[in-house]
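>>> Please find the sequence and the predicted model below.
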Amino acid sequence: MMSRIDAQKKTNFYIDSSRTEQRGILRYAPLPIEQDYLLNVPPKNYSPDLPMDNESGQLSIDFSIGFAIFMIGFIFVATLVSGLLIGLQSKTIDYDAVAYRTSVILGEDPGEPRVDPYALNPDLGDQPWELIENSEEITRFGLAISKEHPGVLSGQKVDRFFEPGEFSKEELRDRLLLSESGQYPYHFNVTLSGKTPVGDPLPESGSLGYIRRAVFIKDYQYAAPSLANPSEFVNISINFSELQSAERGAIYGVNLQLEPVEIVIVNESTSGPVNLTNVFLTPPDDDSFIYEDNIPVRIDNAGAASSAYGLVVSTIEADFGPGHFSGYSAVGEVILHFQFNAVGNNLDTKYTLPPLRNATLEVWIW
Amino acid sequence: MDMVGDEGQLYTIEGVAAAILMVVTAFLILNSAYILTPGDTHISDMQLEQLGNDVLRMMDTSTSFNASASTMYDQKQSELEKWLSSTDPETTFSDDFIDRFQDYTDDERLQMNATVYYWDDATETLNTFPFAPTSSGGREHYVTVTRWVYLDNPAWDPFSDSQTVLLEVQLWRD
């Protein structure tokens, strides 16, 4: 008699010969083909009495497909969520990086156009941005004196940059490289100690990029010793050859072509206001010779400088713009003479640059 | 005749699915956590480090030109150079240094600990001047900023040699 297995191989059916013989009927038990051929053994759940309807060992195709779809969906969503988080996080890193970049542009760069103070053969026609009236000709703002002195800001550049209403927000954003085409336009706020902040008002909440830099500011206003007693005159020596000497460099010297010269005299006289009659420039050795007469001055913080002199209650301010003294470089030294209608101690002093002033520069970006 | 159960099949697939789920979950958690943690401390470290470097550079820049000095070095001698060249920098230096640091940064919470590395000619070894920390409290997070300072004949050097010393400052906020 053919064995069960042999029979199975041939017919793919089990023929239970004993029962067949007993009952006189043939009973088939269909079998899964793969199990049949792979295992080559009779299925365990084969029962001679019952059809093989218990297939719990099999993984249903519905379940497999459902599970696969779920897994694909889950992985997709999970990837998407972590991607969203990365995006949120990198935004603040990005803001901080832009804040740092802006602080470097402002604090370590002289801007563009610029004039190199150490150029061997400077072109006298070149103008740095702080002297250019038309803001469209300014390419980039930068407050440093020169590339050689990062962190030392020019008082002149600081004054122009932070002057309220001098530049529009769009100009500032554009020249600080915060709005390149195709880029996200950043909001910004720049603060320097003692100056009105420029840019957008800081938001109440939200993530901000921030950096604080410690800087020096090179001022150009010389505060002469104040008038404690009535004086007949005050002589202020301006020594060009000393101020422009090579060893002073850009920080401690004055470039007469590009930098202003300002002098302030404070009246602290106990006898009240002093009567200013004339202000003129003269050589150091001969005060009868006059280079320039009736020099306009601002008295008591008046709006504009004028040569209509008179009583001075608190201050006299003589402002010489950049280039005013360029013609005098060959002379070496001049005396700025303030003549008062009084008799008393005369004051002889010398124009010196004020010491570098420390300040903090803060930049917010969002 | 009883045969061995074939439920093993189902268990295997469940096991594999569970394993995949767990691995994917663990991977996602680790991955997202790894991205989220470094952000803040890294940036604030960078900001403090930049501020420290700014201040050291400012201290090493003279605020005014000394026209009466004879050499160019003396004409532009910075505060830091003066302090570090003084006879006994260890005792005279630290208070001014800390005050100046807080003043320049406009930050009273700033604390520091400074060390100067120099070459000791007498013993021919690398030596240090340690400075007292501003507070001995627990500091868990600090940044280090350094600056090389050139000293022209410092007073503490018995042989009056010039040398460049390394100033190392550890900075942290209270």
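Sure, I can see it. Numbers count the residues shown, from 1 in each chain, chains lettered A, B, ... in the order given.

>>> Can you report how many residues lie near the residue nearest to residue A:150 when sequence neighbours are not counted?
In space, residue A:150 comes closest to residue A:108 once its chain neighbours are excluded; the distance is 3.6 Å by CB to CB, 6 or more residues apart in numbering or on different chains. Yep, even glycine has a C-beta here, placed from its N, CA and C like the rest. Counted with other CB atoms under 10 Å in any protein chain shown, the neighbours of residue A:108 add up to 19.

>>> tell me the phi and psi of residue A:108?
phi -120, psi 0 (degrees, to the nearest 10).

>>> I'd like to know how far it sits from residue A:186.
According to CB to CB, to the nearest Å, residue A:108 and residue A:186 sit 19 Å apart.

>>> Same question for residue A:308.
On the measure of CB to CB, residue A:308 and residue A:186 end up 49 Å apart.

>>> contacting residues for the residue nearest to residue A:187 when sequence neighbours are not counted?
Nearest non-adjacent residue to residue A:187, counting by CB to CB, 6+ apart: residue A:200, 4.6 Å away. Going by CB atoms under 8 Å, 6 or more residues apart in numbering or on different chains, residue A:200 touches A:169, A:187, A:188, A:189.

>>> Give me every residue in the stretch 151-300 of chain A lying close to chain B.
Within the stretch 151-300 of chain A, the positions adjacent to chain B are A:151-152, A:193, A:210-216, A:242, A:247-248, A:251-253 by CB under 8 Å from any CB of the partner chain.

>>> Narrow the residues you listed to those in strands?
Per DSSP state E, strands hold the following members of these: A:152, A:210, A:211, A:212, A:213, A:214, A:215, A:216.

>>> list the contacts for residue 71?
Just so you know, I chose chain A. B:17, B:20, B:21.

>>> Sorry, I should have been clearer: chain B.
Going by CB under 8 Å, 6+ apart, the list of residues near residue B:71 reads residue B:152.

>>> Pick out the most distant pair among the ones in strands among the residues of the stretch 151-300 of chain A next to chain B.
Across those, the longest distance by CB to CB is 22.7 Å; it joins A:152 and A:210.

>>> Now residue B:74: which helix or strand?
For residue B:74, the host element (DSSP states H and E) is helix B:72-75.

>>> Now restrict the contacts of residue A:200 to buried residues only.
The neighbour count (16 or more other CB atoms under 10 Å in any protein chain shown) marks A:187, A:188, A:189 as buried among the contacts of residue A:200.

>>> if I read this right, the second one contacts residue A:177, doesn't it?
So that's residue A:188. No. The criterion here is CB atoms under 8 Å, and residue A:188 misses it with residue A:177 at 10.6 Å.

>>> any residues in contact with both of these two?
With CB under 8 Å, 6+ apart, residue A:188 and residue A:177 have common neighbours residue A:102.

>>> related to what we said a few turns ago, closest to residue A:265 among the residues of the stretch 151-300 of chain A next to chain B?
residue A:242 (21.1 Å).

>>> nearest residue to that closest one other than its sequence neighbours?
residue B:67 (7.1 Å).

>>> For the one you found, grab phi and psi.
According to degrees, to the nearest 10, residue B:67 has phi -70, psi -20.

>>> isn't there a helix covering residue B:55?
Yes. Residue B:55 sits within a helix when classified using DSSP: H, G, I helix; E, B strand; the rest coil.
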